[in-house]
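[1] Build me a structure from this.
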Amino acid sequence: MEIASIKGDTVLLLYHPAEAAAEVGQQFTILELPDKTGGLVVQVISNDSLEYPGLQQEMIQRILEERIAQVDRPLDREGGMGEIKSLKVATAKIRKRVQDGVWRTWDGWIPTRNVTISRIEAAHLLGSVLPSPAFPIRSFARFNESPIQFDGPRLNMVNVITGVKGSGKSHLAKHLVLALSDMLVPCIIFDINGEYVELPTAQPLRWGDNFMPDLAEIGHEMLPLVVRAVYPLPQASESVLQGMLPVLFARRRAYCKQRNRSFAIDLDFLRGSTWSNNQYIQQAIDDRLRVIANMGLFLSPSMRQAATVTNLTSAYEEACAGHPIVFDMRRLSPTLQHALVRAADNTIETICAREAEASGRYPFVFYEEAHFYISADAILNLITRGRHIGMASVFVTNTPQHLPDPVFRQLDNLILLALTHKDDIRNVSKNSFTDEDTIQSFATRMPQYHCLIIGNVTDRYPLVVKVDPLPPEVPPTGRTRSTWDRFEGERESSMAKRLGAGGAEPALEEIPF
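    Numbers count the residues shown, from 1 in each chain. Just a heads-up that it's a prediction; the model follows:
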């Protein structure tokens, strides 16, 4: 293997496949002779065949020789020239500089061509790249079959897991949830596809079923969103509702404080309140509150005693004991999903403020396809405020172009599976860790069950790892329902009847499809 050229941070390596292997993702040291204490660490991002003067002429000659079988002498004058056609060119990116045997940030220095090029062994790479973990989470990935343990604190604060549908995003996210929960780190997941509800230690919460928010806990912002989703008000009535809700909440809070009571408010109280002197507006608001009360979406006095109803504060205590909260949002409309997530985020902020004065048990919040139920402005508020209140966020998406650009500019860790769409690749490349060439090369060549991890957990080094299978008790993906399932059932029933009647099992071609 030889250096063909170095331009900027790109190194072209010339090699013969029979003598060296330079697969995409492999790392090499380029050390200057004779000391071998200084040089570069490079990572291969692509392979190409060698182009050289005379290549086209050789190809024409070979085609002519195959077409004209009878020739007086071969047109290829030198037998050794045929080996040139086997040479390859590996494009690599400079990742580190080696000084006195120590890996450092590359500062623009390049070596001469008097070098030795060697493949880096897994143990050497991991020992030089991965920060020594202060609080290691359990391993869920391998590099060249070597298990990796990442440092938990380096997963703070903004993370993105992205890849095309079916690439294994939820598979990897489940690994992360289980690893964090093992460390008793509270996890909250907003699940729109039912991917996480069957985690063995999870607390699935379904709005209107076993989870009914307490208005005193979540505040007044959620109620107008629910009204808009269930039974929209005319514009004048909606303005009154928006204006009066903070007033009524403030009055009720003052009333409870004067009597040394905990703040409590519910739909029964709001339905008995005066909203407007206009009877039509008063009636319109009363009608909406009655409909919502009958749907059982918010906690009422009669429901407070129900053992099956869980509020977010009590569920959070269980999450701190290793039981992640999973909001099952499959059956909610997008507007109700938006209302639930907004209210939950407000409560999470309150919990974080409380934890700042207590145990510091700050959560990791997983947003699956966040763009469906959170506005771009709300996402930006999440990643900005999260750093100040202790909340870490993990965005799991197959359309990263729908996440606001600042998410990638403020990113702490990127976990990249296979991506094919150019706009998605371009958006992911806006992170500050690596270049677009690396993202595009790895994203379009990512093998199954592999991912690129880069960020604080890898000290900004792009590391391609193989993801382990999930534990046997964890379903790898959500259940996909299909019209073709019934045909499979009919086929199994037909086979069972034949076998039950004493017939032999039919050959595959005889099975009625």
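[2] Do a quick rundown of the strands in the stretch 251-400 of the chain.
    325-328, 364-368, 392-397 (DSSP state E, counting those that start in this stretch).
[3] Likewise for the stretch 401-513 of the chain?
    Along the stretch 401-513 of the chain, counting by DSSP E, counting those that start in this stretch, strands occupy 413-416, 450-455, 463-467.
[4] likewise the stretch 51-200 of the chain?
    All strands of the stretch 51-200 of the chain, identified by DSSP E, counting those that start in this stretch, fall at 88-99, 102-105, 115-119, 141-143, 146-148, 158-162, 187-191.
[5] Got the domain ranges for the chain?
    The record's domain parsing of the chain by automatic domain parsing lists 2-129, 141-211+310-467, 225-284, 481-513.
[6] Compute the first-to-last residue distance for the second one.
    Terminal residues of domain 141-211+310-467 lie 4 Å apart, using Cα to Cα, to the nearest Å.
[7] chain center to that domain: distance?
    Taking the mean C-alpha point of domain 141-211+310-467 and that of its whole chain, the gap between them comes to 5 Å (Cα atoms, centre = their mean, to the nearest Å).
[8] Quick check: which of the domains of the chain is nearest to Val291?
    Among the domains of the chain, the nearest to Val291 by Cβ to Cβ is domain 225-284 (5.2 Å). Heads up, the C-betas are built off the backbone N, CA and C, glycines and all.
[9] about what we covered before: could you provide the strands of the stretch 401-513 of the chain in JSON lines, with additional columns for mean pLDDT and mean neighbour count?
    Supplementary listing: the strands of the stretch 401-513 of the chain in JSON lines, determined by pLDDT from 0 to 100; neighbours: other Cβ atoms under 10 Å:
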{"stretch": "strand 413-416", "mean pLDDT": "94", "mean neighbour count": "25"}
{"stretch": "strand 450-455", "mean pLDDT": "93", "mean neighbour count": "23"}
{"stretch": "strand 463-467", "mean pLDDT": "92", "mean neighbour count": "20"}
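[10] Could you dump these into TSV with distance to Leu12 added?
    Rendered in TSV, the data for the strands of the stretch 401-513 of the chain read as follows (distance: least, Cβ to Cβ, whole Å):
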stretch	distance to Leu12
strand 413-416	24
strand 450-455	22
strand 463-467	21
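[11] To Asn278, which of the ones you listed lies closest?
    Set against Asn278 and scored by Cβ to Cβ, the strands of the stretch 401-513 of the chain come closest in strand 413-416, at 53.9 Å.
[12] Please list the outside residues in contact with that closest one.
    By Cβ atoms under 8 Å, 6 or more residues apart in numbering, the residues outside strand 413-416 that reach it are 154-155, 158-163, 172, 408, 428, 431, 433, 439, 442-443, 446, 451-457.
[13] now swap in stretch 161-172 and tell me
    For stretch 161-172, contacts defined as Cβ under 8 Å, 6+ apart pick out 140, 173, 176, 193, 195-196, 368, 394-398, 400, 414-421, 424, 428, 446, 448-449, 451, 467, 470, 476-478.
[14] returning to what we had before: tell me which of the strands of the stretch 401-513 of the chain lies nearest to Thr91.
    strand 463-467 (15.6 Å).
[15] and the angle for the closest one with strand 450-455?
    Here strand 463-467 runs at 130 degrees with respect to strand 450-455, directions being taken by axes from the mean of the first three to the mean of the last three Cα atoms, to 10 degrees.
[16] tell me which strands and helices strand 463-467 is in contact with?
    Packed against strand 463-467, as judged by 3 or more Cβ pairs under 8 Å, 6 or more residues apart in numbering; DSSP states H and E, are the following elements: strand 141-143, helix 169-182, strand 450-455.
[17] Now do the longest one against strand 450-455, angle only.
    Angle, helix 169-182 to strand 450-455, by the same axes, to 10 degrees: 50 degrees.
[18] Looking only at helix 169-182, what residues are buried by neighbour count?
    Buried residues in helix 169-182, counted by 16 or more other Cβ atoms under 10 Å: 169-181.
[19] could I get the helices and strands packed on strand 463-467 as JSON lines with distance to Ser276?
    JSON lines is the format used below for these (distance: least, Cβ to Cβ, whole Å):
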{"stretch": "strand 141-143", "distance to Ser276": "59"}
{"stretch": "helix 169-182", "distance to Ser276": "47"}
{"stretch": "strand 450-455", "distance to Ser276": "53"}
